[in-house]
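Asker: I need the structure of the sequence given here:
(one chain, ligands or ions: 1)
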Amino acid sequence: MNQIIGKLIKGKPVHIWGAGVSGLILGYYLKKAGHRVYLYEKENRVGGKIGTTLTEFGPIENGANALFLSPDALELLDELKLAPLPSALKLKRHLFINGKFTSPLSLSLILKIIFGRNKKTPQLSNPTVEDYLLPLLGQELIDHLVSPSLGGIYATEARGLDMQSLFPEEFSAKTYGEFIKRIRLRLKKNRGMRISGSVSFKGGMQIFINALSDSLKDEIKLNYNEPFHLQENTVITADAITAGELLKETPFASHLKSIQYAKLSTTTLFLKEKIAPLKQSFGVLIPRDQKIHSIGVLSNKDIFSANYSQYPSYTFITPEVDDLNAKIMSDLQVLAPNIKKSDFLFMESKLYPAALPVYNKERREAIESMHELSQTNSNIILFGNYVAGISLREMITAAKNFSLT
Ligand SMILES: Cc1cc2nc3c(=O)[nH]c(=O)nc-3n(C[C@H](O)[C@H](O)[C@H](O)COP(=O)(O)OP(=O)(O)OC[C@H]3O[C@@H](n4cnc5c(N)ncnc54)[C@H](O)[C@@H]3O)c2cc1C
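Answerer: Residues are numbered from 1 along each chain as shown. Model (predicted):
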């Protein structure tokens with residue numbers, strides 16, 4: 001059910017509350033489809049959690065550092081006349097386990113997948129990702145590979161993530177072999193594009209936001225603080241907590257309030273020296289049981305070198321928002337003993353007490369209930385990263401499809 005909640009009334013203007021990336025993408029596609037759109041943004045800038053601060057050493061991303069391409073995403077970049085900056089290929093990926101940097105691809109993982117192909121998947125009513133993959137992979141690989149990998153995207157471990165939400169087309173497979181086949185089929189759809197993988201832009205993700213915003217410059221009202229009111233074609237693209245407050249008089253409110261959020265911070269450092277084990281690498285994922293505050297580190301300059309000066313840059317992703325300086329320094333001591341205080345050039349943190357919606361069963365059930373409610377509440381439309389996917393690429397496809405209905 002990866003779709004926007006609600007339906008448009010044809011021929012009437014569309015009022016979009018929130019000009020984060022989801023509001024901008026939806027506004028773009030609706031305008032393209034011939035709708036009159038208005039975007040109301042309470043802040044003095046658009047983009048919400050996406051934006052780039054430029055420093056003399058290179059960009060610091062507020063939130064998303066990359067767009068993972070799909071055919072729809074590539075088509076949108078072409079329409080916006082944006083030149084994507086592809087991420088470097090063949091970078092090493094690391095896990096940090098028991099004080100060592102290791103490769104995520106282990107012999108034990110490969111053997112478990114090969115010998116587990118004929119095993120039946122668990123027939124549970126609402127399995128978490130951990131419930132579903134445990135019989136195939138075992139606890140060690142769940143804790144040290146699956147949870148860190150998904151945690152880097154969803155800020156939630158495998159035991160808190162709803163299998164059906166993450167793999168809607170694959171989770172009903174009867175065997176693990178069938179499950180893997182369905183995943184490969186999904187990935188196949190993205191093959192054959194002239195560029196693939198993650199991209200950014202020269203100047204960072206702000207360039208994507210600027211292009212969307214330029215295409216809607218006559219439609220966006222910044223610093224908009226007029227009281228919210230419902231009218232035909234009211235779309236809310238703010239987070240679920242805000243949407244719940246705006247819709248407090250409606251039956252949507254209780255469902256919106258049941259959606260939980262995970263906190264997260266990003267701390268970007270520019271250093272004179274490289275973190276030694278992260279040379280020519282994408283970065284490192286850190287399982288939660290390693291007594292390190294951060295869950296991952298991105299090697300920004302290795303990934304998008306064209307955006308950086310000579311100095312290396314790293315972004316620490318931490319599921320905490322308090323005492324961050326002390327926590328990052330302590331993480332650095334463990335991960336990068338070669339870095340000294342005198343190697344620091346610049347450091348900045350962005351804190352998000354409600355960073356990302358938790359993709360659990362409660363969220364899925366709330367979304368299902370609101371799809372039903374929208375059948376009888378025709379003027380309410382809901383979109384944002386808690387509705388139809390957390391990533392920009394999912395938002396692009398959902399908004400494009402909605403504009404075509
Ligand atoms: C640290 C981090 C890293 C990420 N990395 C990636 C990545 O690499 N790739 C990727 O694809 N995704 C990534 N994501 C996810 C992605 O960035 C988010 O899902 C996306 O930015 C959310 O956009 P949104 O428009 O739904 O919400 P928001 O960005 O929260 O935007 C909501 C907007 O609504 C406005 N608003 C709120 N209340 C009102 C009101 N009452 N009236 C009017 N306006 C209002 C806000 O000011 C804001 O502009 C990341 C997220 C985070 C937090």
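
Asker: buried ones in the lowest-mean-pLDDT helix or strand in the chain?
Answerer: Sorting the helices and strands of the chain by mean pLDDT, DSSP states H and E puts helix 107-115 at the bottom, at a mean of 84. Along helix 107-115, the positions that meet the burial threshold by neighbour count (16 or more other C-beta atoms under 10 Å) are Leu109, Lys112. (C-beta placed from N, C-alpha, C; glycine too.)

Asker: for that helix, the distance to its chain's centre please.
Answerer: Relative to its chain's centre, helix 107-115 lies at 29 Å (C-alpha atoms, centre = their mean, to the nearest Å).

Asker: What about the residue lying closest to Phe201 once chain neighbours are set aside, how many residues nearby?
Answerer: Closest residue to Phe201 in three dimensions, ignoring its sequence neighbours and counting by C-beta to C-beta, 6 or more residues apart in numbering: Ile207, at 3.7 Å. Ile207 has 18 neighbours, counted by other C-beta atoms under 10 Å.

Asker: touching the ligand at all, stretch 397-405?
Answerer: No: using C-beta under 6 Å from any ligand atom as the criterion, no contacts between stretch 397-405 and the ligand are found, and the smallest distance is 10.7 Å.

Asker: Give me the residues contacting that stretch.
Answerer: Residues from elsewhere that reach stretch 397-405 (C-beta atoms under 8 Å, 6 or more residues apart in numbering): 2-4, 7-8, 22, 25-26, 28-30, 32-33, 35, 70, 72-73, 76, 383, 387-389.

Asker: Partner strands of the longest strand along the chain, with direction?
Answerer: Among the elements of type strand in the chain, defined by DSSP state E, the one spanning the most residues is strand 344-357. In the sheet, strand 344-357 lines up against strand 261-271 (antiparallel) (DSSP bridges).

Asker: and the strand it pairs with, how far from the chain's centre?
Answerer: Using C-alpha atoms, centre = their mean, we find the averaged C-alpha position of strand 261-271 to lie 14 Å away from the chain's own average C-alpha position.

Asker: What pLDDT is listed against whatever residue of the stretch 51-200 of the chain ends up closest to the ligand?
Answerer: Scanning the stretch 51-200 of the chain for the residue nearest the ligand gives Ala64, at 3.3 Å (criterion: C-beta to the nearest ligand atom). The predicted local distance difference test score for Ala64 is 94.

Asker: just the one 3 residues further on next, same as before
Answerer: At Leu67 the predicted local distance difference test score is 97.

Asker: so does the longest strand of the chain get close to the ligand?
Answerer: Yes: against the ligand, strand 344-357 shows contacts by C-beta under 6 Å from any ligand atom at Tyr352, Ala355, Leu356.

Asker: quick one: contacts of the helix or strand following the least confident helix or strand of the chain?
Answerer: Where DSSP states H and E defines the elements, the next helix or strand beyond helix 107-115 is helix 129-141. Contacts with helix 129-141, where a contact means C-beta under 8 Å, 6+ apart, come from 108-109, 112-113, 116, 119, 121-122, 124, 142, 145-147, 150, 157-159, 161-163, 166, 171, 176.

Asker: which of the residues you listed count as buried?
Answerer: Among the contacts of helix 129-141, the ones that count as buried by 16+ other C-beta under 10 Å are 109, 112, 116, 121, 142, 145-147, 150, 157-158, 161-163, 166, 171, 176.

Asker: Quick check: bridge partners of the closest residue to Glu226 other than its chain neighbours?
Answerer: Take Glu226 and drop its neighbours on the chain: the residue closest to it by C-beta to C-beta, 6+ apart is Tyr40, 7.6 Å away. For Tyr40, the beta-bridge partners are Trp17, Lys221 (DSSP bridges).

Asker: Pro227 is in contact with Tyr40, correct?
Answerer: No: counting by C-beta atoms under 8 Å, Tyr40 stays clear of Pro227, with 11.0 Å between them.

Asker: before we move on, back to that, my guess is the residue nearest to Phe201 is in a helix, correct?
Answerer: Yes: read with DSSP: H, G, I helix; E, B strand; the rest coil, Ile207 is one of the residues of a helix.
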